[in-house]
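Student: build the 3D model from these lines:
(2 chains, ligands or ions: 3)
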Amino acid sequence: MFTDAANFDVRDYLRKEMMPHFLCPGCGHGIALRALLWALHDLAIDKDKLAVVSGIGCAGRLSAYIDANTFHTTHGRPLAYATGLALARPDLHVVVISGDGDCLAIGGNHLIHACRRNLKITCLMLNNEIYGMTGGQVSPTTSESRLTTTTPLGNNEPNFDACALATAAGAGFVGREVTRHVPKLKELIKAGLEHPGFAFVEVLSDCTEVFGRKNDLGSSPEMIMRQKSEIRPSAYRNTVETPFHSTSLPTGILTQNDRPEYGAAHRRAAAAVVAKGAK
Amino acid sequence: MSETSIDAAPAVAPSAAKPPFNVLIVGVGGQGVIMVSKVLAALAQWRGFEVKQSEVHGMAKRGGSVFSHVRFGKRVWSPTIAKGEADVLVALEWAEGLRWLPFLKPDTGIFICDTKRIVPPFACLNRTPGAPMRYSRETADEVASYVAEGYAIDATTMAEELGNERAANVVLLGALSNALDFPVADWETTVADFVPKKTVAVNLEAFRLGRTWVAEARAPAADVPLVHAPVAASYAPRLEINADWCKSCDICVKLCPERCLKLNAERVAELAAPEKCTGCRLCEWLCPDFAIRVHLDPQAGAEGTAR
Ligand code: SF4
Ligand code: SF4
Ligand code: SF4
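Tutor: Residues are numbered from 1 along each chain as shown, chains lettered A, B, ... in the order given. Ligands and ions are numbered 1, 2, ... in the order given. Below is the predicted model of the structure:
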């Protein structure tokens, strides 16, 4: 697991001229980005064969720092762009980086249909329970009673369990990990990248400046240390049975199946049409 | 096993007037502490004594501390031995033996200890490769000076030479047999009863070896190597910290397991205690700003392979 740690220098995968990045001090998204780049390094994926598509938000911004083919798209739509890209260019590794608001609210419809099609795309959803960039509004994953700009008295809406949602919608691979466990997160993303169908990886990340501050969760180190007490090692995999439990979340690979990948079926159908036309 | 009733006159001392004879047997999980105490208890019972034995062995699977109190005499009430009351302390592991020394009778207690050392994880608080461990550093001679009568036996090596490392506890049982007045034949019958049938021969040999070793009171074995000797580091960790990228979030400082980082006057991460850094890379991995890179430089002189 750690064998490659010495060879992996994250700076080889960054657009150094863009650094330091714009994320706030202690923001978990930087750690998630490292895990993704480390996984790509471990799999020896050629930067020219890598396409990173992202939406809007703090998480959406991450694609700008990756030294590869990157595409910063419109709010909630990275999966739509990625679908077109993956269908047209099956030779590329298509990775989507999205936030909880981007992926589940604005882009919720795109997510369920991407899961349903099971097209080979790796979708990273960085979940920090808030819209950080726009000033801290409630998101579909904000836990109950949490304070946000739009829930000044505490959130009383039930929140989504994104992994249960993706599983129910048919994703071939679903997993969850926290930023605290970088090597484990890297291994999970790696497994997602290797999966032949749609892979949904939820990364529990910390928004230190907005969510943490509003909810009095302490300093950046305190927040990242808190992650350990909130997760549950993957002993229980009952997300589908009990979807509305936001704390004590199971981590690891939660779903993995061999539903047929959509891209191949699409190309076969297209080839058939072409063959017919040629007759 | 016992055909003699407790009312029958004990065949050997201690006499009825004497308080019970106390033997404390200690070690770590898996060494056979309980087996030693069972042999002793069964034999004492067979010889007509009342016996009380109590033990703690819950940590056995984890290599934790295991101990067993054996008390026998005309009449025994309490099942445990109080501090300073043990006539004999048998230790199957060096540090465990030292830990229990206060239980030995100060003037007459006999200390029989295997020099085998099993280093527990807590003795390795400093995780720097090659760092010294906080394991007992007393030499056998020093320890011998603390007790009335002491024997440091390399029972594990003796048992290994017999072809069965697991018989080390029986070597110590043989050593213990010198301290008690039971006939050798009875000891051997009891040992044979308690060990697996296939290993009776090797265990009896081990018993005799331990018995004669103490009888001859040979000089303690020279310092025995540690079971897990520290491995000399083949590399030296070096941190490259990019001050321009560091945002003073404090994560590396607070999450470094060795607490060797700090924020300096400019509130930039700095390696304040380089000698404590183990090169674990946690700071590199958790820095959200990619400001730390850990290098493991091959150590001068050593044939270094970076992890
Ligand atoms: S607002 Fe929150 S999520 Fe956005 S960069 Fe700052 S800490 Fe990170
Ligand atoms: S590598 Fe970093 S985290 Fe590990 S001991 Fe050294 S300074 Fe601390
Ligand atoms: S974790 Fe990184 S950004 Fe935070 S204080 Fe340490 S070096 Fe600086």
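
Student: lowest confidence element among the helices and strands of chain B?
Tutor: Taking mean pLDDT, DSSP states H and E as the measure, helix B:140-146 is the helix or strand of chain B with the lowest mean score, a mean of 79.

Student: what pairs with the next helix or strand after that helix, and is each one parallel or antiparallel?
Tutor: Using DSSP states H and E, the helix or strand that follows helix B:140-146 towards the C-terminus is strand B:149-153. Using DSSP bridges, strand B:149-153 pairs in its sheet with strand B:110-114 (parallel).

Student: next one: the partner strand to chain centre, how far?
Tutor: Relative to the chain's own centre, strand B:110-114 is displaced by 12 Å; criterion: Cα atoms, centre = their mean, to the nearest Å.

Student: any chance you could give me the least confident helix or strand of chain B in CSV, C-alpha atoms only?
Tutor: Once side chains and other backbone atoms are set aside, the C-alpha atoms of helix B:140-146 remain, and they are given as CSV (Å, rounded to 0.1, in the frame of the first residue of the first chain):
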residue,chain,number,x,y,z
ALA,B,140,21.2,-10.1,35.2
ASP,B,141,23.8,-9.3,37.8
GLU,B,142,22.1,-6.1,38.9
VAL,B,143,18.8,-7.9,39.3
ALA,B,144,20.5,-10.7,41.3
SER,B,145,21.6,-8.0,43.8
TYR,B,146,18.0,-7.0,44.5
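
Student: what about that helix, distance to the chain center?
Tutor: What separates the centre of helix B:140-146 from the centre of its chain is 17 Å, taken as Cα atoms, centre = their mean.

Student: buried set for it?
Tutor: Buried residues in helix B:140-146, defined by neighbour count with 16 or more other Cβ atoms under 10 Å in any protein chain shown: B:140, B:143-144. Every C-beta, even on glycine, is put in place using the N, C-alpha and C of the backbone.

Student: closest one of those to A:Lys214?
Tutor: Among the buried residues of helix B:140-146, B:Val143 lies closest to A:Lys214 (Cβ to Cβ), at 60.6 Å.

Student: now the stretch 101-250 of chain A, which segments are flagged as low pLDDT?
Tutor: Of all residues in the stretch 101-250 of chain A, those with pLDDT under 70 make up the ranges A:229-248.

Student: write out the residues of it neighbouring ligand 1.
Tutor: Taking Cβ under 6 Å from any ligand atom as the measure of proximity, the stretch 101-250 of chain A contacts ligand 1 at A:128, A:132-133, A:207-210.

Student: can you name the two of the residues you listed that sit furthest apart?
Tutor: For those, with distances taken as Cβ to Cβ, the pair at the greatest spread is A:Met133 and A:Thr208 (13.6 Å).

Student: the more surrounded of those two?
Tutor: Taking other Cβ atoms under 10 Å in any protein chain shown, A:Met133 and A:Thr208 do not tie; A:Thr208 has more neighbours (27 against 19).

Student: now the closest residue to chain A within the stretch 201-307 of chain B: closest residue in space, sequence neighbours ignored.
Tutor: With Cβ to the nearest Cβ as the measure, B:Pro288 is the residue of the stretch 201-307 of chain B nearest to chain A, at 3.0 Å. Nearest residue to B:Pro288 in three dimensions, chain neighbours excluded: A:Gly30, at 3.0 Å (Cβ to Cβ, 6 or more residues apart in numbering or on different chains).

Student: what helix or strand is that neighbour located in?
Tutor: A:Gly30 belongs to helix A:29-42 when assigned by DSSP H and E.

Student: do A:Val94 as well
Tutor: Here A:Val94 is assigned to strand A:93-99, by DSSP H and E.

Student: ramachandran angles for the residue in chain B sticking out farthest from the centre?
Tutor: Centroid-distance maximum for chain B: B:Asp244 at 50.6 Å, with Cα atoms, centre = their mean. The main-chain torsion angles of B:Asp244 are listed as degrees, to the nearest 10 and equal phi -70, psi -20.
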